[in-house]
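>>> Only the shape, not the letters, is given here:
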DNA sequence: GCCGCGAATTAGACACAGTCCAATCAGGCG
DNA sequence: CGCCTGATTGGACTGTGTCTAATTCGCGGC
């Protein structure tokens, strides 16, 4: 999915297309993620959404992010045991994680080829695959 | 590293070889992980260690697991936002994660070939790479 | 065997992400 | 305008992990 225009009207359409009732709060939360194409934690989303006037509660931010994940509008990135990041990019791609700064960078999935993965056990289906390259600044 | 014999004496040697002072608690914790070659959470380790007599505190379990990770005796597996798993297998390998049961299975790293990963930014070094295949039971 | 000292361990308080719940609110529809 | 359903809210709660100050361990020297 590639949304170059993140007006609130367009976002409302996108939400509807995913079967989500577009409320004000949900649009603001979607806007926070889509307008800056970054990986944000729930707390960061809460802070961004609330620096505009209409206060949105923490519970709503969590509810909404979980709803978006469930409806495959965004994706969870689990790299840091202390918090989950949310990624508006749902196309196949992977991540570089700087263990010192916590910065996450995308790797385009189309470039990457993987061979030799085992067949899954019978009756199991793949939900998704994550690749995380953990990096740090070279010791000086 | 391949330790087939997990007697407490051998484990003491292994700890020393990694620059770790082998105390009773540390040996018990290492034993919990190495004797069953499984992925355990800190709480599971605590429970296992304490079903024998000498009570070990939660703080020690956490301290010790972090020490082991730092000394590269074990490895953290971050797949579940709610808790970290610890893996006694430090050789190159990847994971299949059943999102419904929470079960983790190893994939041998020697079989897997990956191409097309981008060059790292200058001055950055790889700390490690994780591959996680998230699976679930096929909808019936 | 005993002492002393640094390292390890401990209990309990604390921090913090995330969830739950019961009460309130919003907005579409008759 | 009032209803009804779903969304939102504050606040209490949970669970994982960390911190701290006090205690204990264990080893080397005597």
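Yep, that arrived. Because the structure is a prediction, the values reported are computed rather than measured. Numbers count the residues shown, from 1 in each chain, chains lettered A, B, ... in the order given.
>>> and stretch A:34-53, average pLDDT?
Here stretch A:34-53 scores 93 as its mean pLDDT.
>>> ok, that stretch near DNA strand D or not?
No. Against DNA strand D, stretch A:34-53 shows no contacts by Cβ under 7 Å from any atom of the strand, the least distance being 9.0 Å. Heads up, the C-betas are built off the backbone N, CA and C, glycines and all.
>>> Is any residue of that stretch near chain B?
No. Legend: contact between stretch A:34-53 and chain B by Cβ under 8 Å from any Cβ of the partner chain is lacking; minimum distance shown is 10.4 Å.
>>> Quick check: residues of chain A near DNA strand D?
Proximity of chain A to DNA strand D (Cβ under 7 Å from any atom of the strand) is limited to residues A:21, A:23-26, A:54-60, A:63-64, A:81.
>>> Out of those, who's the most crowded?
Of the residues of chain A next to DNA strand D, residue A:64 is surrounded by the most neighbours, 24 neighbours in total, counting by other Cβ atoms under 10 Å in any protein chain shown.
>>> Run through chain A and note the low-pLDDT ranges.
Low-confidence regions of chain A, defined by pLDDT under 70, span residues A:1-4, A:140.
>>> Around chain B, pick out the residues from it.
Where chain A comes near chain B, counting by Cβ under 8 Å from any Cβ, the residues are A:76, A:78-81, A:83-84, A:96, A:98-99, A:107, A:111-118, A:120, A:123-138.
>>> Now a ChimeraX select for only the buried ones of those residues.
Paste this into ChimeraX to select the buried members of those, with burial taken from 16 or more other Cβ atoms under 10 Å in any protein chain shown:
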select /A:78,79,84,96,98,107,112,114,117,124,129,130,131,132,133,134,135,136
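>>> So which of the residues of chain A next to chain B are in strands?
Counted as lying in strands by DSSP state E, out of these, are A:76, A:78-80, A:83-84, A:96, A:98, A:107, A:113-115, A:124-137.
>>> Would you mind giving the secondary structure of the residue nearest to residue A:107 when sequence neighbours are not counted?
The shortest distance from residue A:107 to any residue that is not its chain neighbour, by Cβ to Cβ, 6 or more residues apart in numbering or on different chains, is 4.3 Å, and that residue is residue A:94. Following DSSP: H, G, I helix; E, B strand; the rest coil, we place residue A:94 in the strand state.
>>> I'd say residue A:94 and residue A:106 touch.
Yes. With contacts defined as Cβ atoms under 8 Å, residue A:94 counts as touching residue A:106 at a distance of 7.5 Å.
>>> Show me which of the two is the more surrounded one.
residue A:94 (22 against 15).
>>> helix/strand/coil for the nearest residue to residue A:26 once chain neighbours are set aside?
For residue A:26, the nearest residue in space outside its immediate sequence neighbours is residue A:64; the separation is 5.4 Å by Cβ to Cβ, 6+ apart. The three-state label given to residue A:64 by three-state DSSP is helix.
>>> dump the residue contacts of residue A:64.
With contacts taken as Cβ atoms under 8 Å, 6 or more residues apart in numbering or on different chains, residue A:64 has the following neighbours: A:25, A:26, A:29.
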